[in-house]
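Peer 1: no sequence on this one, just coordinates:
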Ligand SMILES: [Zn+2]
């Protein structure tokens with residue numbers, strides 16, 4: 001059995017509260033060597049950390065653009081201050097630009113400011129950054145020109161951009177992570193083919209983005225995703241699992 005790594009999950013989500021240990025046992029039995037538990041709700045950063053540590057997983061904290069959207073400026077600033085006072089040894093995120101969610105100029109500008117603040121803190125701490133990007137790929141690439149990644153690097157999780165944005169993303173040092181959407185989209189499959197082996201990551205984003213819409217995703221689903229990625233890249237699935245696991249450990253280290 002080839003070990004594999006789920007580069008982006010929300011295993012701290014309440015939808016796993018009933019059976020988290022069972023879900024993780026299923027994943028470990030199927031070869032899961034590790035996973036990143038990425039904060040979404042900033043009122044639950046302590047839960048994100050506690051869940052990840054209880055199960056020997058990587059954890060990152062940040063201000064997700066969906067949650068940020070519901071907050072006023074003062075609350076956002078207070079959360080950024082709190083983040084400065086909170087250790088994040090494995091990385092920061094998820095944060096980023098979601099212009100499907102933020103339509104007004106002020107909201108979009110605030111997403112830029114929040115993302116830049118995460119990048120600045122990540123450079124000081126030299127930890128990787130996890131970026132969420134929806135309908136804002138040119139804007140993210142220009143933001144990264146002014147506010148570069150830390151030496152520790154960063155990833156775009158659940159890539160949804162056009163294939164032509166892959167090359168500039170690679171030039172800025174990003175790893176590119178694909179989720180279940182790539183099994184259903186020729187455009188995403190073209191983007192997948194443009195990513196070299198040494199920058200590729202796989203993720204479930206569970207419980208969201210399940211393989212079958214309407215169900216709850218879980219880490220074990222990554223094996224189905226990997227098989228489809230292997231088909232698209234015309235590579236053995238073992239090779240896909242091995243290289244993406246190596247890349248995840250390069251970016252996040254091992255615990
Ligand atoms: Zn996520």
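Peer 2: Thanks, I have the structure now. In this text the structure is predicted, and so the values were computed from the model without any measurement.
Peer 1: next structured bit after the helix or strand that contains residue 142?
Peer 2: Using DSSP states H and E, residue 142 falls within helix 137-146. Next helix or strand after helix 137-146 toward the C-terminus (DSSP H and E): strand 154-157.
Peer 1: so how far is that following strand from its chain's centroid?
Peer 2: In terms of CA atoms, centre = their mean, to the nearest Å, the centre of strand 154-157 is set 6 Å apart from its chain centre.
Peer 1: returning to what we had before: buried stuff in the helix holding residue 142?
Peer 2: Neighbour-count burial for helix 137-146, counted by 16 or more other CB atoms under 10 Å, picks out 137, 139, 140, 141, 143, 144. All C-beta spots, glycine's among them, are computed from the backbone N, C-alpha and C.
Peer 1: Distance of residue 22 relative to residue 3?
Peer 2: Counting by CB to CB, to the nearest Å, the separation of residue 22 from residue 3 is 20 Å.
Peer 1: how close does the closest residue to residue 183 other than its chain neighbours get to residue 133?
Peer 2: Nearest residue to residue 183 in three dimensions, chain neighbours excluded: residue 228, at 4.6 Å (CB to CB, 6 or more residues apart in numbering). Computed as CB to CB, the residue 228 to residue 133 distance reads 22 Å.
Peer 1: Looking at the two, which is more packed in?
Peer 2: Neighbours were counted for residue 228 and for residue 133 using other CB atoms under 10 Å; residue 133 has more, 26 against 19.
Peer 1: Please confirm that that one is located within a strand.
Peer 2: Yes - counting by DSSP: H, G, I helix; E, B strand; the rest coil, residue 133 is part of a strand.
Peer 1: Check it and give its pLDDT.
Peer 2: Residue 133 carries a pLDDT value of 98.
Peer 1: was I right about it contacting residue 162?
Peer 2: No - taking contacts as CB atoms under 8 Å, residue 133 lies outside contact range of residue 162: 11.7 Å.
Peer 1: In which helix or strand does residue 97 reside?
Peer 2: Per DSSP H and E: strand 92-98 holds residue 97.
Peer 1: got a list of contacts for that strand?
Peer 2: By CB atoms under 8 Å, 6 or more residues apart in numbering, the residues outside strand 92-98 that reach it are 8, 38-40, 60-66, 83, 108, 111-112, 114-115, 118, 121-122, 125, 127-136, 139-140, 143, 156-157.
Peer 1: hmm, which of those residues are the buried ones?
Peer 2: Neighbour-count burial (16+ other CB under 10 Å) is assigned, among the contacts of strand 92-98, to 8, 38-40, 60-65, 83, 108, 111-112, 114-115, 118, 121-122, 125, 127-134, 136, 139-140, 143, 156-157.
Peer 1: Return the subset of those lying in strands.
Peer 2: 8, 38, 60, 129, 130, 131, 132, 133, 134, 156, 157 (DSSP state E).
Peer 1: how close does the fourth one get to residue 246?
Peer 2: I take that to be residue 129. The value you get for residue 129 to residue 246, if CB to CB is used, is 20 Å.
Peer 1: for the fifth one, same thing?
Peer 2: For residue 130, the distance to residue 246 equals 18 Å [CB to CB].
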